[in-house]
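Participant: sequence first, predicted model second:
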Amino acid sequence: MSFLTTIFNIAIVIMSISMLLTLVRFIKGPSLPDRVISLDVFSANLLAVLAIYSIISEQKAYLNVALSISLVAFVGTMTFAYYLVQKRNKHQEND
Amino acid sequence: MIILLNILLAVLMTWFTSAIYPGIPTTGLWMISLFAGWMVVFWLLSVFYNRKAFFKLLRIVVLILYYFKELIIASVKVAYDVLTPKDHMRPAIVAVPLDAKTDLEITLLANFITLTPGTLAIDVSEDKKTLYIHEVYVKSGDLEQVRKDIKDGFEKKILNITRM
Amino acid sequence: MIKEIISALLILLGAIFMLISSIGMIRLPDFYIRNSASTKAVVLGVSLILLGVGIHYDDILIFIEIFAIIFFIYLISPLAAHIVSRAAVITKVEFWKKTNLDDLDRRKEELPD
């Protein structure tokens, strides 16, 4: 059984590395949509880490947290896109 | 509508069966096969009520399988492109004229297109006649080929389902 | 025993896809290419991982919940990618220098914005 736990830990380490890489894009990103997309990928990584962690710690309640994270991330992305379009429209009216 | 009702009934009956007879092994794979069994029973029932619904369901299953095949091909292609240093990407923006009319058809088409290899739906024109697509792998600047692939692949399959 | 091995394999495969997608976030040259690459790999990776978790738990309620999450992701992720890239076109994020932009330019001529 410890063999399986090792595999799950390896998967969590891989996904932590990918979260770090996503954060690099978040800091570096030249434009605002780049940052939005990197946050989206970050939250998907977080969801997967929670799902695997629920196996290791044997708590099924983490899956509910994963479900709500998937919903909240979508709302965040939508709001950012709406904000970008609105900001540009306002800018155009002022010109 | 009848399809959603069938799926809901299958979920509920699988759940109740496992709750009432705990002797059935609750392995996940067993549960999936039980679910599939219920689905087949309901399809065969729907033959006697409505012949059209039966063929519609068959086409929906074919579409879903094709979609998964395209998704896996897309991911492997992306992985190959990321992991090898040489880039063979020739991106372009392609305007595809649409045959799909209603909102549901256009939404389905845009969702499916975003998950096929290298494509991304960017915009729909105001009069809902053209769909703008960002395509990564254009071979030697041939935009007509891309249009033909999309119209013959997904759009034909979706229109076959919604306009029976 | 075979069940645990299947679930571990699915989880490892999904984790590798997630890693590939975020390497692509770093390496690819352009916002639009990054968007279309990361969406596909993330959708496949998350659904593989969740399927592995469901097979490991092997309980019908957990399965219903996991199918709900997978359904949401398949519905939502292309939609989010489409909306963000539409906002990027409107706010004029730059394309890669090799991109062929003829059709978009033609559209701009038709609709002076």
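Facilitator: Structure's in. What do you need?
Participant: A:Met78 reaches C:His82, doesn't it?
Facilitator: No - the pair A:Met78 and C:His82 fails to qualify as a contact (Cβ atoms under 8 Å) at a distance of 11.1 Å. Quick note: C-beta positions are derived from backbone N, CA and C, even for glycine.
Participant: what about these two, which has more around it?
Facilitator: When A:Met78 and C:His82 are compared for neighbours, C:His82 comes out ahead with 23 against 15, by other Cβ atoms under 10 Å in any protein chain shown.
Participant: any idea how far the more buried one lies from chain A?
Facilitator: Using Cβ to the nearest Cβ, to the nearest Å, C:His82 is found at 9 Å from chain A.
Participant: setting aside sequence neighbours, what's the nearest residue to that residue?
Facilitator: In this structure, C:His82 finds its nearest non-sequential neighbour in B:Ala121, 5.1 Å apart by Cβ to Cβ, 6 or more residues apart in numbering or on different chains.
Participant: phi, psi of the one you found?
Facilitator: Dihedral angles phi and psi of B:Ala121 (degrees, to the nearest 10) take the values phi -80, psi 130.
Participant: who touches it in this structure?
Facilitator: B:110, B:113-114, B:131-133, C:78, C:82 (Cβ atoms under 8 Å, 6 or more residues apart in numbering or on different chains).
Participant: do the same with A:Ile52
Facilitator: A:8, A:11-12, A:15, C:11, C:49, C:53.
Participant: likewise for B:Pro97?
Facilitator: By Cβ under 8 Å, 6+ apart, the contact set of B:Pro97 is B:129-130, B:147.
Participant: same check, this time on A:Asn9
Facilitator: Applying Cβ under 8 Å, 6+ apart to A:Asn9 gives the contacts A:Ile56.
Participant: mind listing what's buried along the host helix or strand of it?
Facilitator: Using DSSP states H and E, A:Asn9 falls within helix A:2-28. Residues of helix A:2-28 classed as buried by neighbour count (16 or more other Cβ atoms under 10 Å in any protein chain shown): A:4, A:7-8, A:11-12, A:14-15, A:18-19, A:21-22, A:25-26.
Participant: turn the residues you listed into CSV, including distance to chain C.
Facilitator: Putting the buried residues of helix A:2-28 into CSV (distance: Cβ to the nearest Cβ, whole Å) gives the following:
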residue, distance to chain C
A:Leu4, 6
A:Ile7, 5
A:Phe8, 7
A:Ala11, 4
A:Ile12, 8
A:Ile14, 4
A:Met15, 6
A:Ser18, 4
A:Met19, 8
A:Leu21, 4
A:Thr22, 5
A:Arg25, 5
A:Phe26, 9
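Participant: hmm, which of those residues is lowest in pLDDT?
Facilitator: Here the lowest pLDDT out of the buried residues of helix A:2-28 sits on A:Leu4, with 81.
Participant: just to revisit the earlier point, go through the contacts of B:Pro97 and name the one nearest chain C.
Facilitator: B:Thr130 (7.9 Å; Cβ to the nearest Cβ).
Participant: give me phi/psi at the closest one?
Facilitator: The phi/psi pair for B:Thr130 (degrees, to the nearest 10) is phi -130, psi 140.
Participant: any idea what it is bridged to?
Facilitator: B:Pro97 (DSSP bridges).
Participant: the longest helix anywhere in chain A near chain C anywhere?
Facilitator: The longest helix of chain A (DSSP state H) is helix A:62-94. Yes - against chain C, helix A:62-94 shows contacts by Cβ under 8 Å from any Cβ of the partner chain at A:63-64, A:66-67, A:70-71, A:74, A:77-78, A:80-82, A:84-85, A:87-88.
Participant: buried ones among those residues?
Facilitator: Buried residues within those, defined by neighbour count using 16+ other Cβ under 10 Å: A:63, A:66-67, A:70, A:74, A:77, A:80-81, A:84.
Participant: which among the residues you listed gets closest to C:Thr91?
Facilitator: Nearest to C:Thr91 among these is A:Leu84, at 5.5 Å by Cβ to Cβ.
Participant: residues contacting the residue nearest to the closest one when sequence neighbours are not counted?
Facilitator: Nearest non-adjacent residue to A:Leu84, counting by Cβ to Cβ, 6+ apart: C:Ala87, 4.2 Å away. C:Ala87 makes contacts with A:33, A:80-82, A:84-85, as judged by Cβ under 8 Å, 6+ apart.
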